[in-house]
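1. Next come a sequence and a model predicted from it.
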Amino acid sequence: MNNNTSKGASPKSKPQKPPPQTNEISNEQKQELIDYFLGGSYYQNELLKYIYICIMSTCELARIEKECAELRKIINESKNSFKPDHKRTASRIIDEYFEWRQNNSGNKPGNLLKQIGRLLGISSTDIESNILKNLQKLEVHELSAFRSITFQKFKGMFDFNNGNYSELNLRSKRKEEIAELAKRCKELEEKYENSLKQLETIKNKEQIDMLTAKNNSLKQSFDTMQKQIQEKDREIEKLSIQIKQTSEHKFSEQQATNEKNDESQVKQLSVEDLNKLSKEELIDDIKEYQVKYDSLNQQFDLFHQEVEEKDEEIKRLRKQIKQYQSALGNATNVQHGENDVNNSFQLVKDIEKIQGNVVDAVKIKGKKIVIMNKQADETLSYYHSRIKISDDNGKLALSCALQRFIVSKVFGIVENFTKKIKLAKQHKDEFAEQFIIYYTQELCMLIEKLSTNRIGSDGFTCITPIKIRQQVNAALGARGFHMKKWHPTIRYFGDDIISKLNRCRKLPQEMNEETQERIYELVLELLQLRFRIDTQDPIPEIRWFNAGETIDIGLMQGSDVEDNEEELEVDLCYFPVIGTFLDDPKNRRVYFKAQILTRIKKHDQSDRRNQRGSFLGSLNPFKKH
């Protein structure tokens, strides 16, 4: 029976060859695929499918964590193939999953699903009802296989897009280069045509002027000859009348006629020769200009080729420099990178912030705050200000004077560190910052001697003191005097500042504790800022301006300074200027301008000398007498 069945069965048809495949597709098709993969639905479905499987998985957690980390790395390093909003959303989804997995203690993934739904605009109820229920039916090994397949698909999506994006970008770049070359060729062609037109116009004008001049000259010659002929005719007529000989008269007329014909022939011959000569000269000039133009084109092509060769050489040298810098570990680079907190841009922002904190810390306005008028006037007089506490702007001036006292006091602390180290007998923890500064200065001095007194051809020994200074001050600017409890130095100088501020104003009891914490925090910020200033190269100068000095809008900032610079002078400087080469207007670099109060200049020199003398002899209001 089996035999009959096999005999009656139709023979198996041969398998048909699959249609030929090709990797060449159009740019439009590639772009459609790229938009489809990263345009929303496909990317969301694959990523969410993977996350849902990870949520349902109770084993292989270490492998899942490794896969998620790899996905995050692929997403973050993807430059061209991933849209910015999708990139952020994908990273957020993976981060939400990590946070849920770390904090999960048997809870349902409800909050995680809500977060994912919120990011993608999907209802978390639909996720639980339609997707998670189906995944719960799968076995552990099925979930593992499903997760692995989804991971490979999601990863392959990036491989596809990265390859095609680079090709599309290359083609786009080539199209731009071709368009630029075509534009340039068109410009050269227009330039060539304009040059020919200008040349033709110039030559035609020169030819017309030349012909006009020669025609005028010939006309003058003709008129002169005509007058001479007329005179001769009159003479001949006189002779014919006198001699009364017809033959002679006819001979004279014939002679005159012959002379006219001769002159006409001479004139005609001259004009023809002139036209012939002018055309030949014009053709020769055009040929000469054409030769010069061709020569300039050749020189331009040679110059363009030389520029391209120089560009290639520059690229090669830059690549070589990068290799050298990488080999040296950027040993000779003393500039801060963009992500460094001590780069000049970030430093300026922090100076502005801290200067605002100084203003907030000095409170003298309020119903419960009592101003000590006598001590306030002594403080303003100490800084040689003409303002009195009873004036309309007296409280503002007192606030500025107290700001100057705080900033100059804290900045001056660092200058005296090395003196105190010499008095310290042992390395206590509270003196750690002082010892670091002291030994850093000693080490930099020894390395400078090594660079000067020892022979060598390296390029980083002379830079080493700068690098050491920058690194040490960066560390002190980040951690110096910062403890869980207030550092003894912060407490000592903070209490000293508070006691001297209280000589000028009295605060209510309930504000004392808040003020103490604020002053401690301000002293810490100013000390760390002082260290960070020394991370710059060259080291910026910190300069205060005294009362009576001339206004310099390049270094100072205050109300009405720019409009009335010549009529005003400094009354009180309450924050210093920070910058380099301050005395050189062309090369100076100002990080932060000095904050000043101004006053109208007094032209009485004797009065100014008296004020200067009283300033030098005034008592320090912050010291007890």
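-> Perfect, thanks for sending it.
2. rest of the way, CA atoms for contacts and neighbours
-> Will do.
3. What distance do you get for residue 442 to residue 436?
-> In this view, residue 442 and residue 436 are 10 Å apart by Cα to Cα, to the nearest Å.
4. the more surrounded of the two?
-> residue 436 (16 against 11; other Cα atoms under 10 Å).
5. Let me know how buried residue 288 is, in neighbour terms.
-> Residues near residue 288, counting by other Cα under 10 Å: 12.
6. That one - that's part of a helix, no?
-> Yes. Per DSSP: H, G, I helix; E, B strand; the rest coil, residue 288 lies within a helix segment.
7. What confidence value was assigned to it?
-> On pLDDT, residue 288 comes in at 77.
8. Over to residue 328?
-> 54.
9. Equivalent analysis for residue 275, please.
-> 58.
10. Check residue 371 too.
-> Reading off the model, residue 371 has pLDDT 89.
11. can you pull up the bridge partners for it?
-> Bridge pairing for residue 371 (DSSP bridges) gives the partners residue 505.
12. residue contacts, it?
-> If you count contacts by Cα atoms under 8 Å, 6 or more residues apart in numbering, residue 371 has them with 364, 504-506.
13. Let's have those residues in JSON lines, adding neighbour count and pLDDT.
-> Compiled in JSON lines, the contacts of residue 371 are given as follows (neighbours: other Cα atoms under 10 Å; pLDDT from 0 to 100):
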{"residue": "364", "neighbour count": "19", "pLDDT": "81"}
{"residue": "504", "neighbour count": "22", "pLDDT": "90"}
{"residue": "505", "neighbour count": "19", "pLDDT": "88"}
{"residue": "506", "neighbour count": "15", "pLDDT": "88"}
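14. tally of neighbours for residue 144?
-> A total of 18 residues lie near residue 144 under the criterion other Cα under 10 Å.
15. Kindly apply the preceding question to residue 158 instead.
-> Other residues close to residue 158 by other Cα under 10 Å number 20.
16. helix or strand for it, which one?
-> Here residue 158 sits within helix 140-243, counting by DSSP states H and E.
17. likewise residue 591?
-> Per DSSP H and E: strand 589-592 holds residue 591.
18. what's downstream of that strand, the next helix or strand?
-> strand 594-600.
19. Contacts only, for residue 51.
-> Counting by Cα under 8 Å, 6+ apart, residue 51 touches 94, 97.
20. Tell me how far it lies from residue 147.
-> 9 Å.
21. pLDDT score for the residue lying closest to residue 495 once chain neighbours are set aside?
-> In space, and not counting its chain neighbours, residue 495 is closest to residue 516: 7.7 Å by Cα to Cα, 6 or more residues apart in numbering. Note for residue 516: predicted pLDDT of 90.
22. Then residue 178?
-> 84.
23. Okay, now the unreliable bits of the stretch 251-400 of the chain?
-> The model of the stretch 251-400 of the chain has pLDDT under 70 over residues 251-279, 320-334, 337.
24. what mean pLDDT does stretch 598-618 have?
-> 54.
25. what number of residues lie near the residue nearest to residue 495?
-> Neighbours around residue 516, by other Cα under 10 Å: 17.
26. show me the contacts for it.
-> By Cα under 8 Å, 6+ apart, the contact set of residue 516 is 494-495, 498.
27. Tell me if residue 562 really is in a helix.
-> No. The assignment for residue 562, made by three-state DSSP, is coil rather than a helix.
28. Report the inter-axis angle for the helix or strand hosting residue 352 versus strand 594-600.
-> Assessed by DSSP H and E, residue 352 sits inside helix 344-361. Orientation of helix 344-361 against strand 594-600 (axes from the mean of the first three to the mean of the last three Cα atoms, to 10 degrees) gives an angle of 60 degrees.
29. Outside of helix 344-361 itself, list whatever touches it.
-> Against helix 344-361 from outside (Cα under 8 Å, 6+ apart): 336, 341, 399-400, 403, 515, 518-519, 522, 525-526, 529, 532-533, 536, 575, 591-592.
30. could you redo the last one with a cut-off of 10 Å?
-> The contact list for helix 344-361 (Cα atoms under 10 Å, 6 or more residues apart in numbering) reads 335-342, 399-400, 402-404, 406-407, 515-516, 518-519, 521-523, 525-526, 529-530, 532-533, 535-536, 574-575, 578, 590-592, 595.
31. And the strands in the stretch 501-625 of the chain, which stretches?
-> 505-506, 541-543, 556-557, 568-575, 577-580, 589-592, 594-600 (DSSP state E, counting those that start in this stretch).
32. Which secondary structure elements does the fifth one sit against?
-> Same thing as strand 577-580. Other helices and strands packing on strand 577-580, by 3 or more Cα pairs under 10 Å, 6 or more residues apart in numbering; DSSP states H and E, are strand 541-543, strand 589-592, strand 594-600.
33. Tell me the predicted confidence for the nearest residue to residue 434 once chain neighbours are set aside.
-> Using Cα to Cα, 6+ apart and skipping residues adjacent in sequence, the residue nearest residue 434 is residue 417, 5.5 Å away. pLDDT, residue 417: 71.
34. residues contacting residue 417?
-> By Cα under 10 Å, 6+ apart, the residues touching residue 417 are 431, 433-435, 437-438.
35. now do residue 103
-> residue 97.
36. Can you pull the residues that touch both of residue 51 and residue 147?
-> In contact with both residue 51 and residue 147: 57, 64, using Cα under 10 Å, 6+ apart.
37. sorry, back to before: which among the contacts of residue 516 count as buried?
-> Neighbour-count burial (16 or more other Cα atoms under 10 Å) applied to the contacts of residue 516 gives 494, 498.
38. Return the closest of the contacts of residue 516 with respect to residue 101.
-> Closest to residue 101 out of the contacts of residue 516 is residue 494 (46.1 Å), distances taken as Cα to Cα.
39. Quick check: nearest residue in space to that closest one, chain neighbours excluded?
-> residue 520 (5.3 Å).
40. my guess is that neighbour contacts residue 406, does it?
-> No. Residue 520 lies out of contact with residue 406 (Cα atoms under 10 Å); the separation is 11.4 Å.
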